[in-house]
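[1] All I have is the shape, not the residue letters:
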């Protein structure tokens, strides 16, 4: 079992930047919550992770929510507003009889399938919103 700490994750900008998500406790369903602190709490990017077990299956689940905040001015009063969000949901399902190596291989295959180079059709579909023909 790992101790909870900060998550430092690189983005895919031309000059990659580190994003630090700090622990924010658990929500009502036992989901571990991390957020990248901004000046507007509603605009904080959130990373959540949980592990459920049911009927002989383990289900690790990860969710990333990245809001975009803009300043809105109404009657001369400026306030921040979330105008849209990018959301990624990822759920694994592993049998309780699966081996550590089987789980590592599954995770590795998925991570490598999302590489910016080497898997152009996947990258183009997900980030470029260009379907595969």
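    Perfect, thanks for sending it. Remember, predicted model here, so these are calculated numbers, not experimental data.
[2] Quick one: list the elements packing against the top strand by length along the chain.
    The longest strand of the chain (DSSP state E) is strand 57-74. Packing partners of strand 57-74 (3 or more Cβ pairs under 8 Å, 6 or more residues apart in numbering; DSSP states H and E): strand 46-54, strand 77-91, strand 94-95. The C-beta positions use only the backbone N, C-alpha and C, and glycine is treated the same way.
[3] what are the bridge partners for the closest residue to residue 32 other than its chain neighbours, then?
    Using Cβ to Cβ, 6 or more residues apart in numbering and skipping residues adjacent in sequence, the residue nearest residue 32 is residue 49, 5.2 Å away. Under DSSP bridges, the beta-bridge partners of residue 49 are residue 32, residue 62.
[4] ok, back up a step: export the helices and strands packed on strand 57-74 to a markdown table and tack on mean neighbour count?
    As requested, these are exported to a markdown table (neighbours: other Cβ atoms under 10 Å):
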| stretch | mean neighbour count |
| --- | --- |
| strand 46-54 | 15 |
| strand 77-91 | 11 |
| strand 94-95 | 14 |
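[5] For residue 9, find the nearest of the ones you listed.
    Nearest to residue 9 among the helices and strands packed on strand 57-74 is strand 46-54; the distance by Cβ to Cβ comes to 7.6 Å.
[6] what mean pLDDT does the closest one have?
    In this model, strand 46-54 carries a mean pLDDT of 96.
[7] which residues sit against it?
    Strand 46-54 is contacted by residues 7, 9, 21, 24, 27, 29-36, 58-65, 96 when judged by Cβ atoms under 8 Å, 6 or more residues apart in numbering.
[8] any idea of the angle that strand forms with strand 57-74?
    Using axes from the mean of the first three to the mean of the last three Cα atoms, to 10 degrees, the direction of strand 46-54 lies 150 degrees away from that of strand 57-74.
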